[in-house]
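Enquirer: the sequence and its predicted three-dimensional model are supplied below.
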Amino acid sequence: MQKKLLTQNKHQCKLKTSLLSPTKVKFGFTLAEVLITLGIIGVVAAMTIPTLISKNQKRVIEAKLKEDYSIIQQVIKSNEGNDVDMSMLLQDGNTDSQKEWFETYFAPYMKYSHVCYETKGCWQKNKTKLLTGATVANDRPEYGIGGGIVSVTLNNGTNITMDVWSGTNQMRDWFGIDYAQTGMSIFIDANGNSGPNVVGKDVYLLTYTPDYGILPAGFHKTKEEVNNNCSRNDSSSLAGYFCLLRVKNNGWSIPDDVWNLKI
């Protein structure tokens, strides 16, 4: 009888212990589930990261371009305060004259790290393209755009190349400025040696004439002409030349239809 009671007590103790102990449930993912999840994350990343990088690059270029425009405007204003004739030295357009022009009117008021007088070192190594994908006229990788030119690298990393145009109406025919005499083209590569090296995306065009000072190319064109030039619709050898004016009029924002063009 005593043995039977002991057996029953042991059984009851085991039963109580079983009832008091919670059931242990193991949670986890199978290898297949983990691989599927990683695959989905990879697809989403592949779709979104390039877009984020592109948007950030666009914002950086926009900020640099606005800064560069302000820098050059300040250079001209500084000379106006000195009551000088900036049309001097532009007449023959050779390298020595442009060098003297730069050193007289630009260098004292501009912070730069390098200057190149018809030499390599102040312009990107790849070809500069139009919005059509064609190469810009007078493009010379590593030198700049033009002949007998002065190219400069600013302290903020921007490359600038300047060339004198002395032919009658060249400023009008090439750059949309109603001026029949000698003037200057100023190409700005806002992100320096980085790509994409496309006029209208990271390369933009200013002009200088004694009568008008610094103006974006296309200033004397209609809004329709400017917008058409700075778009996929222009198939000419000047496609993108007026984009600085369009960007400026757009609140210093590069239009998405231009930025998203595949060149």
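Expert: Good, I have the coordinates.
Enquirer: got a list of what the closest residue to Ile160 other than its chain neighbours touches?
Expert: Nearest residue to Ile160 in three dimensions, chain neighbours excluded: Val152, at 4.8 Å (C-beta to C-beta, 6 or more residues apart in numbering). (C-beta placed from N, C-alpha, C; glycine too.) Val152 sits next to 102, 106, 110, 112, 114-116, 122, 159-162 when contact means C-beta atoms under 8 Å, 6 or more residues apart in numbering.
Enquirer: quick one: Val152 and Trp123, what's the gap?
Expert: 9 Å (C-beta to C-beta, to the nearest Å).
Enquirer: identify the contacts common to those two.
Expert: Shared contacts of Val152 and Trp123, defined by C-beta under 8 Å, 6+ apart, are found at 116, 159, 161.
Enquirer: so the second one touches Ile149, yeah?
Expert: No - taking contact to mean C-beta atoms under 8 Å, the distance of 11.7 Å between Asn159 and Ile149 leaves them out of contact.
Enquirer: can you count the residues close to Arg140?
Expert: 18 (other C-beta atoms under 10 Å).
Enquirer: could you do Asn227 as well?
Expert: With other C-beta under 10 Å as criterion, Asn227 counts 21.
Enquirer: for it, give me its contacts.
Expert: Contacts for Asn227 were tallied using C-beta under 8 Å, 6+ apart; they are Arg246.
Enquirer: please renumber the chain so that the first residue is 24 from this point on.
Expert: Okay, using 24 as the starting number, the last item reads as Asn250.
Enquirer: now name the helix or strand holding it.
Expert: In this structure, Asn250 sits in helix 246-252 according to DSSP states H and E.
Enquirer: quick one: distance of that helix to the chain centre.
Expert: Relative to its parent chain, helix 246-252 has a centroid offset of 21 Å by C-alpha atoms, centre = their mean, to the nearest Å.
Enquirer: let's verify Glu85: helix, strand, or coil?
Expert: Following DSSP: H, G, I helix; E, B strand; the rest coil, the label given to Glu85 is helix.
Enquirer: and Asp119, by the same measure?
Expert: helix.
Enquirer: from Asn272, how far out is it?
Expert: Separation of Asp119 from Asn272 (C-beta to C-beta): 37 Å.
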